[in-house]
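[1] test case, fold it:
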Amino acid sequence: MSALLGTVQRFWDWQWKVHYSAKRFLLFRSSAVNESGPGPGSKDLSEGAPAKAGGSVPPPSKAKEGGPKPYSKRNMIGLIGGIVVLIIGLAMPAPQSMNRVAGKMAIEKAAPEVLKAGVEANVLALNKKGKVKEVTDPAAFLEWTKKAQPKVYAATRASAKAMKNCLAVMFIMVIWWICESVPWGVAALLPVAIFPLAGVANAAKASAPYANKTIILFIAAFFIAEAMLKWNFHRRVALFIVDKIGASPKRIVLGFMVACAFLSMWISNTATAMMMMPMALAVILHTVEVGKRLQEQGQLKGVNFTAGAYIFGSCLMLGIAYSSNSGGMGTLIGTPPNLIYAGQLQLMFPGAPKVDFARWLVIGVPLAWITTIGLWALLVFWLRRPEIKELPGGPQLIKEERAKMGPWGKGEKAVGIIFLITALAWIFSGEKKIGETTIYGLQTIFPWIDDSTIAVFMAVALFCIPVSLEKNDFALTWDWAIKIPWGIVLLFGGGFSLAAAISSTGAGTWVGNQLAGLANWPLLWLMFAVAAVVAALSTVATNTAVTAVFMPILGTMALATSFDPRFLMILGCLAAQCAYALPVATTGNAICFGSGYIDMVDMVKVGIVCSIVAIIIAVFGSLVFMGPAFGVSPSVVPPWMTGG
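    I've put the predicted structure just below:
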């Protein structure tokens, strides 16, 4: 046994050595951010000489390694525990309740005479349209289909098995991500490796989400960020932001979070995080650069500027990730879950009042800003209190550094123009309806374009803009582009693959159905239970998919109670946006995690606390603001709920 553990130890030592060697390139920092200096191409800066305006800096080079990260007990427990959980999950039989969901999926497309026979056998219930409403008795349903409909029986058993196996893979992925038992990108590849073997999805379906349009958006936006680093555009932006906001770390975090929250009310959370992350990273790199220089002079002792350990860096990145998500609550068009709720309410209850833009503002704006400010206070005063009271060097040094930057160079101008055009195109990409007013966007002219289309177009343009033909130098070159965080790209691809399987197998519906027994709980406790389950599931699946699954379930639960279904449906919609504990929970989390300044364990610890606080705000905020917004009262059952 000891020999086996020794072999495993040596293997993982080697793997972590390779992982951390690559990580110096893949994350948005160079050797300077770790041991040798402040950031990509900033060697001269660390020696006191500012980069010349318009001058391209060389791509990051490999720094000396201090040895591989020791494989800890937590890593080993996660590795073995995850495998054990997977084996148990794959080996155990599917719960009988899964057959209820699987049976409905298997028989809902059957011929009308088959459905009629199922009703006569007391194993099916149909709705008014003659469609399958539910499988009333899973055990009896299996016995009936085994004799009368063997194909449906086989499909039901296979679907239930796929549900169960999908959740088993989800658990090992979560365990390995949290415990960092293997590199994150490796854990993210488990769906491709296991789903086809476990009957969850074939290889094509398991692999397709890794080329999702959002993944392409990530890659292109990271290319644009690399161009900023190449020309030190990020440094100029950082100095400007810090000069205007002030040198207080808490004020800087607040400024970024307010900007993110406001933007995400009107554009996608992903685009917001994509725009703000490079600017925040520029501020962090500036503080690392100047801070290390001051440490050499005997100042700032005890401050660890290493990525992952630098508290101000992680605080700022987490603030951007969280606020780009919480701001989406503010408007009906802020995030897909809001629109899904509005559509599902009309679909389930045709007589219900329409959810319009103005009414949503009454509940959305207060909750968005209360959540954003609350999360800011949690981060800067408790969970990730910055270890520096003022940015290194203070206001005077910042003004001096801005003066040293000199006039804008050709490369900086090219990158700045591309970034500005990209941001404006993202903001005005789609039509926006505010009340009776329609603001037309690019999609009015080009209906097939997407945020990813814009990002890729602009990224390609950077490769085509010459800065110096004599030196064969362009606004972005491939030796810089390949430094993007490919591991994070894989990580989010794995999250998409898992989310797609949770939806397609019916695993999400099964989890939702387990809430049916809570329908008799008091309203407040029921709201907390619903919010906790929805937020937890949104941590490992996209909030859009979770909202789509839970809206009909929550609406159906309301039919068995004596309160307005909008209480649970709106809460479920808001709770799906309170998932902060993992990089795969939201695109904002993944983007900011890719900066390298957020440690996985810290993200989980801080994210769980912030999710709990956000859920509390969502529950009590819903109770307070639903009445003014939609005229909802806990003690009044609306007549349209029962078709009256």
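[2] quick one: low-confidence ranges for the stretch 301-450 of the chain?
    By pLDDT under 70, the weakly predicted segments of the stretch 301-450 of the chain are 333, 393-398, 401, 432-436.
[3] strands of that one, start to end?
    For the stretch 301-450 of the chain, the strands defined by DSSP state E, counting those that start in this stretch occupy 432-434, 437-439.
[4] how about the chain?
    Taking DSSP state E as the test, the strands found in the chain are 124-126, 132-135, 432-434, 437-439, 466-468, 473-474.
[5] I'd like those strands written out as a markdown table, with distance to I77 and mean neighbour count added.
    To be clear about C-beta, it is placed using only N, CA and C from the backbone, and glycine gets the same treatment. Converted to a markdown table, those look like this (distance: least, Cβ to Cβ, whole Å; neighbours: other Cβ atoms under 10 Å):
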| stretch | distance to I77 | mean neighbour count |
| --- | --- | --- |
| strand 124-126 | 46 | 18 |
| strand 132-135 | 40 | 19 |
| strand 432-434 | 49 | 15 |
| strand 437-439 | 53 | 10 |
| strand 466-468 | 51 | 16 |
| strand 473-474 | 48 | 18 |
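[6] ok, L294 touching K301?
    No - the pair L294 / K301 is not scored as a contact, 9.8 Å apart, by Cβ atoms under 8 Å.
[7] with neighbour numbers in mind, choose between those two.
    L294 (16 against 7; other Cβ atoms under 10 Å).
[8] how many neighbours does A618 have?
    29.
[9] might one say that it is in contact with C578?
    Yes - assessed by Cβ under 8 Å, A618 is found in contact with C578 at 6.1 Å.
[10] and for the closest residue in space to G607 that isn't next to it in sequence, the neighbour number?
    Nearest residue to G607, sequence neighbours excluded (Cβ to Cβ, 6 or more residues apart in numbering): A581, at 3.3 Å. By other Cβ under 10 Å, the residues close to A581 number 25.
[11] and if you look at the one 5 residues further on?
    In terms of burial, T586 registers 29 neighbours under the definition other Cβ under 10 Å.
[12] got the contact list for it?
    N269, A321, S324, N325, N543, A579, Y580 (Cβ atoms under 8 Å, 6 or more residues apart in numbering).
[13] and the gap between the residue nearest to G607 and A204?
    In this view, A581 and A204 are 31 Å apart by Cβ to Cβ, to the nearest Å.
[14] what of I87?
    Counting by Cβ to Cβ - I87 and A204 are separated by 26 Å.
[15] so these two - more neighbours on which side?
    Between I87 and A204, I87 has the larger neighbour count (other Cβ under 10 Å), namely 12 against 8.
[16] just name the shakiest helix or strand of this structure by mean pLDDT.
    helix 43-46 (a mean of 33; mean pLDDT, DSSP states H and E).
[17] mind listing what the residue nearest to G607 touches?
    A581 neighbours (Cβ under 8 Å, 6+ apart): T539, M603, V604, G607, I608, S611.
[18] any chance of the strands of the chain in JSON lines with distance to Y341 as columns?
    Output for the strands of the chain, formatted as JSON lines (distance: least, Cβ to Cβ, whole Å):
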{"stretch": "strand 124-126", "distance to Y341": "26"}
{"stretch": "strand 132-135", "distance to Y341": "22"}
{"stretch": "strand 432-434", "distance to Y341": "16"}
{"stretch": "strand 437-439", "distance to Y341": "21"}
{"stretch": "strand 466-468", "distance to Y341": "48"}
{"stretch": "strand 473-474", "distance to Y341": "46"}
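[19] which of these sits closest to N513?
    strand 132-135 (9.3 Å; Cβ to Cβ).
[20] how about residues contacting that closest one?
    So strand 132-135 is in contact with 99-100, 103-104, 107-108, 115, 123-127, 141, going by Cβ under 8 Å, 6+ apart.
[21] 10 Å - rerun?
    Here strand 132-135 makes contact (Cβ atoms under 10 Å, 6 or more residues apart in numbering) with 99-110, 115, 118-119, 123-127, 141-142, 145, 156, 513, 556.
[22] now it: mean pLDDT?
    Averaging pLDDT along strand 132-135 yields 84.
[23] who wins for neighbours among the contacts of T586?
    Ranking these using other Cβ under 10 Å puts S324 first, with 35 neighbours.
[24] quick one: contacts for it?
    256-257, 259-261, 263-264, 267-277, 335, 372, 586-589, 591-592.
[25] just the ones in helices from those residues, please.
    Using DSSP state H, the members of the contacts of S324 that fall in helices are 256-257, 259-261, 263-264, 269-277, 372, 587-589, 591-592.
[26] residue ranges with poor pLDDT in the stretch 1-150 of the chain?
    Using pLDDT under 70, the stretch 1-150 of the chain drops low at 1-69.
[27] once you drop chain neighbours, what's closest to L124?
    G118 (3.5 Å).
[28] same thing with Q344?
    M551 (3.8 Å).
[29] which residues touch the one you found?
    Contacts for M551 (Cβ under 10 Å, 6+ apart) come out as 337, 340-345, 347-348, 512, 565, 568-569, 572-573, 576.
[30] buried subset of those, written for ChimeraX?
    To isolate the buried subset of these in ChimeraX, counting by 16 or more other Cβ atoms under 10 Å, use the following:
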select :337,340,341,342,344,345,348,512,565,568,569,572,573,576
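[31] sounds good, over and out.
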